[in-house]
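J.: Structure, please.
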Amino acid sequence: MEFFSVQLNIDFMGKRRAAAVISGILIAASIMLVAVRGLNFGIDFTGGTLVEAGFPDVVELNAVRATLENTPYSGAAVQYYGTASDVLIRVPPREGFNSAAISNEILEYLARVNERVDMRRVEFVGPQVGDELREDGGLAMMYALIGILIYVAFRFQTRFSVGAIAALVHDVIITVGFFAVTRLDFDLTVLAAILAVIGYSLNDTIVVYDRIRENFRKMRKENAEAVMNAAINQTLSRTIMTGVTTLLVLVALFFLGGEIIHGFAAALIVGILVGTYSSIYIASPVTLLLGVTRQDLMPVEKEGLKADSRP
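T.: Below is the predicted model of the structure:
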């Protein structure tokens, strides 16, 4: 396949050791950051009260934060919701207070900013529900990885499935590490984005694997490293164009979509960048390291087929 009318012949496999070092550093740093700093879990996982308030005019977030500063809600997260006159306030659990009492108190404080403020929405998530959501989200991710392992092993070969899972785990860990660094809210929308990243990255990997399987049957005199290099080069134009067009949409969502999907778009942007990298430098090199050969992918001859074809 040609890319911009130039036949590519990049030695991706020759750089696999350097890529492995970079990935190892990123994974170790991500795990360390999550262990030391933790994630800034959103109200979906921690429990608490979410209050949406509407102002008649544009309101400054700093003014709202300053109003809540010397109150029991000084630690609340304040952000715009849709427009610069709608504010979303996330309040951690407060013992002895229900969501109605909390929302009424917050409304009284917000009236100091503008007396015509009105309450748009109040939602409460209990700590027990938050724990269940966190556990169920983790299980959903594990089930997805197990299902992918079985699918790839059935469609290709066991060594390919290990390479695919290694790439997906790599993508998830680094994406989660990004949230540990930036302290962006990690909520259900971000978890959904990570599951979407798993699907996107797997799709990229399967495209490369399909071409590797074809090349193993066509390039009979080449070794496994040369076959994989050829497959990655042949699918590179498709990989880049798919990634670029997807990123254009996500960047627009990140800057123009509002705060409510800020984390979702950020997770997908990081995940797609890392997933494109892993489909080249993680999935195939791991499969090569495990010793895949042409014989592993050749169709199994049915017993007696040669005898039946004789005249």
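J.: For the rest of this, base every contact and every neighbour count on C-alpha atoms.
T.: Will do.
J.: which stretch of helix or strand covers T49?
T.: strand 48-54 (DSSP states H and E).
J.: Could you report the distance from F12 to T276?
T.: F12 is 13 Å from T276, where distance means C-alpha to C-alpha, to the nearest Å.
J.: Then V270?
T.: Taken as C-alpha to C-alpha, the span from V270 to T276 is 10 Å.
J.: Could you export the strand holding T49 as CSV, CA atoms only?
T.: Output of strand 48-54 as CSV, limited to C-alpha atoms (Å, rounded to 0.1, in the frame of the first residue of the first chain):
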residue,chain,number,x,y,z
GLY,A,48,-22.2,13.1,47.4
THR,A,49,-24.6,15.7,46.0
LEU,A,50,-24.6,17.3,42.6
VAL,A,51,-26.3,20.7,42.4
GLU,A,52,-27.0,22.6,39.1
ALA,A,53,-27.8,26.2,39.5
GLY,A,54,-28.9,28.8,36.8
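J.: Off-centre distance for that strand?
T.: Mean-position distance between strand 48-54 and its chain equals 27 Å (C-alpha atoms, centre = their mean, to the nearest Å).
J.: Looking at F12 and T276, which has the bigger crowd around it?
T.: Neighbours per residue (other C-alpha atoms under 10 Å) separate F12 from T276, with T276 holding more: 23 against 19.
J.: wait, that one sits on G243?
T.: Yes - between T276 and G243 there is a contact at 7.3 Å, judged by C-alpha atoms under 8 Å.
J.: Which residue comes closest to T67 once chain neighbours are left out?
T.: Y109 (6.6 Å; C-alpha to C-alpha, 6 or more residues apart in numbering).
J.: in the stretch 201-311 of the chain, which ranges drop under the pLDDT threshold?
T.: 293-311 (pLDDT under 70).
J.: And for V78, nearest residue in space, chain neighbours not counted?
T.: Closest residue in space to V78, ignoring its immediate chain neighbours: I89 at 4.7 Å, by C-alpha to C-alpha, 6+ apart.
J.: just D86 next, same as before
T.: Nearest to D86 is G54, by C-alpha to C-alpha, 6+ apart, at 4.5 Å.
J.: That neighbour: what's it in contact with?
T.: In this structure, G54 makes contact with 85-87, 117-120, judged by C-alpha atoms under 8 Å, 6 or more residues apart in numbering.
J.: So which of these are in strands?
T.: The members of the contacts of G54 that map onto strands under DSSP state E are 85-87, 118-120.
J.: how about these in CSV, adding neighbour count, distance to A283 and pLDDT?
T.: Shown next, in CSV, are these (neighbours: other C-alpha atoms under 10 Å; distance: C-alpha to C-alpha, whole Å; pLDDT from 0 to 100):
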residue, neighbour count, distance to A283, pLDDT
S85, 17, 47, 87
D86, 21, 45, 89
V87, 23, 44, 90
D118, 16, 53, 89
M119, 16, 50, 87
R120, 13, 48, 87
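J.: of those residues, closest to H262?
T.: Proximity of the ones in strands among the contacts of G54 to H262 (C-alpha to C-alpha) peaks at V87, which lies at 14.9 Å.
J.: In the sheet, which residues pair with that closest one? Tell me.
T.: A53, Y80 (DSSP bridges).
J.: That one against Y80, yeah?
T.: Yes - applying C-alpha under 8 Å, one finds V87 in contact with Y80, separated by 4.6 Å.
J.: shared neighbours of the two, anything?
T.: Joint contacts of V87 and Y80 (C-alpha under 8 Å, 6+ apart) are L61.
J.: Pull out the buried residues from the helix or strand harbouring M142.
T.: For M142, the host element (DSSP H and E) is helix 127-155. Residues of helix 127-155 classed as buried under the neighbour-count rule (16 or more other C-alpha atoms under 10 Å) are 127, 130, 133-134, 137, 141, 145, 148-149, 152-153.
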